[in-house]
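S.K.: need coordinates for the below:
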Amino acid sequence: MIAAAVAANLAQALLFVTGLGCLFLSFRGFLKGARPAPADNSGGGGFRRFAVLLPAYNEEKVIRFALESFKRMDYPPDRFDVFLAADHCTDGTAGIAARLGVVVLDHSGPDMRPGKGRALKWAVGRILAMDGASASGSGSAGDGPGETPGAAAKGGYDAICYFDADSLAHPRFLKVMNAHLAAGETVVQGRQLAKNAGCWLARILAGGHLVTNRFFQRPKYALGFSATLHGKGMCFSREAAALYQWDETCLTEDLEMQMRLIRSGVRITWAEDAIVYDEEPESLGAYLTRNIRWTRGSLDTARRHLRGLVHRAFADRDLKALEGAVYCAQTYRLGAAVVTAALIWCTRDSFNLFIWLYRLLPGAEPVMKAAGVFPLAVYPSTALLLEKASPEIFAAYFLQPALGFFRLPVFVAGVFRDCRDWGRTDHVSQVAISDLV
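M.R.: The predicted structure is shown next:
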């Protein structure tokens, strides 16, 4: 019983300290966001050559809108090429891309297993191998129509930007990323916003992006920590893309890459003005399918990297690794909370540190009530107001507790999820960049 009481108190202390650390970190979100100095593009020499890569599997409903957003890019058209990695597509996705002048890389055939991570790794290798010869029309990117890279490939690409087939790029995306690369940053994540908010579920998730951008991503960039990768709106320098290849098996390849980079001492920075618009689920079924996949992938990522992150944090005194370890361990937070609650109940007649402090401190009850209301209501309200959220998104955000009922079944389903099945969500939101910008 003594061991259980000690474990209960340690578990409570750990949850409290990590939560308090996240709260203190978020205070930086009230200040202006940090930004690199504008790149010197005088004479055109400062415009880096970008390869924009979109992996896709049967995305004919939305791919046109994603690719057309790059037609409106405020960046010299001869300094970037757009590539589509068609991963075993059986619909019109590749044909639409080819008609729009996009370089189509056909990742299909009996010798190629399907999967986003595999398609990304394969496509990046082909893009990095391109040089002036391939740009002149040798067809080294493939032998089919639409597979010859453009002028930007001459001399090789300086960086690769990653998007999903359902995402849209803000017209200034490449220009902002160019400035971050000029400042010496090597892996950069853009600011993610929702492109659709036509139902209450999408509005809840759209509000979540506004809160995390303001009180999570912005403070981490300003204070020198690593941002979180979202799988779209990412930019890797040529060197980083070549050195850190995408994992072929993890269901959350972006999270796995994030933790691998932090373990290797690479800081992931955040570009607040490089905006990527992503589709949010509009049905509960799609939302649950996506979150179960994320849970399985997060558990696999924690199994692979959590111990290494903790070791680097203490052995190298690396605060970025410590923060990354705390973030990586969040996948266990629901299980940790359940175990902690069970320990508290089993040791309810024993000494409990927080109950003792609660009874000891004068005015503890109103302080504890305020502490509960502040992060759950006041803080999100402030972020949504500062981000100028629409009234619909503001109201919808506070329906998030309704989604909390699904956390336990989603976690359990994620534990038993088969890693070999991707569990694709169907993308249907046909929003154009002109509707948003």
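
S.K.: can you find the helix or strand of this structure with the lowest average pLDDT?
M.R.: Counting by mean pLDDT, DSSP states H and E, the chain has its least confident helix or strand at helix 132-133, which shows a mean of 45.

S.K.: beyond it, next helix or strand please.
M.R.: Going down the chain from helix 132-133, the next helix or strand is strand 159-162, by DSSP states H and E.

S.K.: report the distance from the following helix or strand past that following strand to the chain centre.
M.R.: Using DSSP H and E, the next helix or strand after strand 159-162 towards the C-terminus is strand 168-169. Chain-centre distance of strand 168-169: 15 Å, with C-alpha atoms, centre = their mean, to the nearest Å.

S.K.: do the same with stretch 298-309
M.R.: 17 Å.

S.K.: who's in contact with that stretch?
M.R.: Contacting residues not belonging to stretch 298-309 are listed as 250-252, 255-256, 259-260, 262-263, 321-322, 324-325, 328-332, 414-415, 419 [C-beta atoms under 8 Å, 6 or more residues apart in numbering]. Every C-beta, even on glycine, is put in place using the N, C-alpha and C of the backbone.

S.K.: I'd like to know which of those are buried.
M.R.: Among the contacts of stretch 298-309, those that count as buried by neighbour count (16 or more other C-beta atoms under 10 Å) are 250-252, 255-256, 259-260, 262-263, 321-322, 324-325, 328-329, 331, 414.

S.K.: just the pLDDT at the closest residue in space to residue 228 that isn't next to it in sequence, thanks.
M.R.: Leaving aside its sequence neighbours, residue 228 sits nearest to residue 258 (C-beta to C-beta, 6 or more residues apart in numbering; 6.2 Å). Among the per-residue scores, residue 258 shows a pLDDT of 98.

S.K.: report the contact partners of residue 258.
M.R.: Here residue 258 is in contact with 226, 228-229, 268, 324 (C-beta under 8 Å, 6+ apart).

S.K.: in a helix, that's where it is, yeah?
M.R.: Yes. Counting by DSSP: H, G, I helix; E, B strand; the rest coil, residue 258 is located in a helix.

S.K.: tally of neighbours for residue 351?
M.R.: Look at residue 351: counted by other C-beta atoms under 10 Å, it has 12 neighbours.

S.K.: from the contacts of stretch 298-309, which ones fall inside helices?
M.R.: Mapping those onto helices (DSSP state H) picks out 255-256, 259-260, 262-263, 321-322, 324-325, 328, 414-415.

S.K.: can you put those residues in JSON lines and add distance to residue 244?
M.R.: What follows is the ones in helices among the contacts of stretch 298-309, written out as JSON lines (distance: C-beta to C-beta, whole Å):
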{"residue": "255", "distance to residue 244": "14"}
{"residue": "256", "distance to residue 244": "10"}
{"residue": "259", "distance to residue 244": "11"}
{"residue": "260", "distance to residue 244": "6"}
{"residue": "262", "distance to residue 244": "11"}
{"residue": "263", "distance to residue 244": "11"}
{"residue": "321", "distance to residue 244": "16"}
{"residue": "322", "distance to residue 244": "21"}
{"residue": "324", "distance to residue 244": "15"}
{"residue": "325", "distance to residue 244": "19"}
{"residue": "328", "distance to residue 244": "17"}
{"residue": "414", "distance to residue 244": "25"}
{"residue": "415", "distance to residue 244": "28"}
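
S.K.: farthest pair within the contacts of residue 258?
M.R.: 229 and 324 (11.4 Å; C-beta to C-beta).

S.K.: ok, and the most crowded of the contacts of residue 258?
M.R.: Ranking the contacts of residue 258 using other C-beta under 10 Å puts residue 324 first, with 27 neighbours.

S.K.: which ones are touching it?
M.R.: Applying C-beta under 8 Å, 6+ apart, the residues near residue 324 are 225-226, 258-259, 262-263, 309, 313.

S.K.: can you map out the strands along the chain?
M.R.: Assigned by DSSP state E, the chain shows strands spanning 50-56, 80-87, 103-107, 159-162, 168-169, 187-194, 234-237, 268-278.

S.K.: pick the most buried one from these.
M.R.: strand 168-169 (a mean of 29; mean count of other C-beta atoms under 10 Å).

S.K.: so what does that one touch, helix or strand wise?
M.R.: Judged by 3 or more C-beta pairs under 8 Å, 6 or more residues apart in numbering; DSSP states H and E, strand 168-169 is in contact with helix 63-71, strand 268-278.

S.K.: just put the ones you listed in CSV and tack on distance to residue 354.
M.R.: Converted to CSV, the helices and strands packed on strand 168-169 look like this (distance: least, C-beta to C-beta, whole Å):
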stretch, distance to residue 354
helix 63-71, 49
strand 268-278, 34
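
S.K.: in a markdown table, list the ones you listed along with mean pLDDT and distance to residue 347.
M.R.: What follows is the helices and strands packed on strand 168-169, written out as a markdown table (pLDDT from 0 to 100; distance: least, C-beta to C-beta, whole Å):
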| stretch | mean pLDDT | distance to residue 347 |
| --- | --- | --- |
| helix 63-71 | 96 | 54 |
| strand 268-278 | 97 | 40 |
